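Colleague: Here is the input, now give the coordinates:
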Amino acid sequence: MMDVYGTLCSGQVFLWREVGRFWYIIDGQNVLKADSTGVVDATCTIVDFFRCSDDIQHIHDTFRQDRLLSELLDRYAGLRITHQDLFQCTISFIVSANSNIPRIRRNLQEICHKFGDEIEYDGIMFRIFPTLDVLADADIQEIKECGVGYRARYIQEASCMIRDGSCSNIQSMSYKDAQERLCMLSGVGRKVADCILLFGCGHLEAVPLDRWIIRMMHEYYSIGDGTAPRTAQQYDTLHDDIVDMLGPYAGYAQQYLFKMARDESEKPLKW
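Modeller: Numbers count the residues shown, from 1 in each chain. The predicted model follows:
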């Protein structure tokens, strides 16, 4: 059984709501309808948002020799990595910089209400995510009115750069090449790039190194010193050490660790 609610609350995706026994997820120009089995319907195209095609048993088996991860696999058995609309994912994690999940959700909702089209689905009104052209042509002050502060310029500039082809074919690139390309965008550093690569491009070796993961890797695995890397080189070294220990599905492993850290520090999120 998949844990859709737990996955949606695990810091990967921010634009969703629960109505009755269903969850409705804004994924770019698409509204996805999900139940406990995954996505069951959509306004445009049904997509594998919860990566149901992954061999989850094989992925879990690669972690079973790790005592902590083995425990977390049982605790969060239904937790999955998402595969999101790439443009929305990019803007979402630009917005996420130096913020928190409730604020990120509010900011992205405001962006949808101000710039996204309104559609009705299943008798419910939704605002879908704005298109690339809309945000690229938007006035920075208008974007700032969505509560994103200094990130408004990054959102507009990154949208322009993507429209101009800065990230063409990024989904077919190697992890390192894709990371370097993403880091050329305004407002995108190593951590934000890794979020985009993991949740938007399907690079399962990507490990976003936020304060939760950095601390846990030091405390439980003696990797790093528990402090945030100050340079890109330090980030890459820490990331490579983590992947060397956790393997090619390290992105999955960090999500279980991140979920544990958040569950121990905060109450579950509500819409």
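Colleague: all contacts plus neighbour counts: C-alpha atoms, from now on.
Modeller: OK.
Colleague: What are the boundaries of the helices in the stretch 101-250 of the chain?
Modeller: Secondary structure of the stretch 101-250 of the chain by DSSP state H, counting those that start in this stretch: the helices cover 101-115, 132-137, 140-143, 151-163, 175-182, 190-199, 211-221, 232-246, 250-265.
Colleague: Comparing those helices, which stretch has the densest surroundings?
Modeller: helix 190-199 (a mean of 25; mean count of other Cα atoms under 10 Å).
Colleague: any idea how far the nearest residue to L86 once chain neighbours are set aside lies from A178?
Modeller: The shortest distance from L86 to any non-neighbouring residue, by Cα to Cα, 6 or more residues apart in numbering, is to G200 (4.8 Å). Distance of G200 to A178, computed by Cα to Cα, to the nearest Å: 12 Å.
Colleague: So for K267, what's the pLDDT?
Modeller: We note a pLDDT of 48 for K267 in this prediction.
Colleague: Return the set of buried residues in stretch 198-212.
Modeller: 198-209, 212 (16 or more other Cα atoms under 10 Å).
Colleague: What I need now is those residues written out in CSV, including distance to L72 and pLDDT for each item.
Modeller: Output for these, formatted as CSV (distance: Cα to Cα, whole Å; pLDDT from 0 to 100):
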residue, distance to L72, pLDDT
L198, 20, 98
F199, 20, 98
G200, 24, 96
C201, 25, 96
G202, 22, 94
H203, 22, 96
L204, 18, 97
E205, 19, 96
A206, 19, 97
V207, 17, 97
P208, 19, 96
L209, 19, 95
W212, 16, 88
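Colleague: Return the member of those residues nearest to T90.
Modeller: When the buried residues of stretch 198-212 are compared for distance to T90 (Cα to Cα), G200 wins out at 7.7 Å.
Colleague: Doesn't V39 lie inside a strand?
Modeller: Yes. Assigned with DSSP: H, G, I helix; E, B strand; the rest coil, V39 falls within a strand.
Colleague: Could you give the number of residues near it?
Modeller: If you count neighbours by other Cα atoms under 10 Å, V39 ends up with 21.
Colleague: so the nearest residue to it once chain neighbours are set aside bridges to which residues?
Modeller: Once flanking residues are discounted, V39 sits nearest to K33: 5.6 Å by Cα to Cα, 6+ apart. Under DSSP bridges, the beta-bridge partners of K33 are Y24, D41.
Colleague: What is the burial count for K33?
Modeller: As a burial measure, K33 scores 22 neighbours (other Cα under 10 Å).
Colleague: residue ranges with poor pLDDT in the stretch 151-271 of the chain?
Modeller: Scanning the stretch 151-271 of the chain for pLDDT under 70 picks out the ranges 266-271.
Colleague: let's see it at 80
Modeller: Scanning the stretch 151-271 of the chain for pLDDT under 80 picks out 265-271.
Colleague: coming back round to it: tell me the pLDDT at the residue nearest to V39?
Modeller: 98.
Colleague: how about it, what does it touch?
Modeller: 22-25, 39-42 (Cα atoms under 8 Å, 6 or more residues apart in numbering).
Colleague: Tell me, what's the model's pLDDT at the residue lying closest to V134 once chain neighbours are set aside?
Modeller: The shortest distance from V134 to any non-neighbouring residue, by Cα to Cα, 6+ apart, is to F115 (7.0 Å). Looking at F115, its pLDDT stands at 98.
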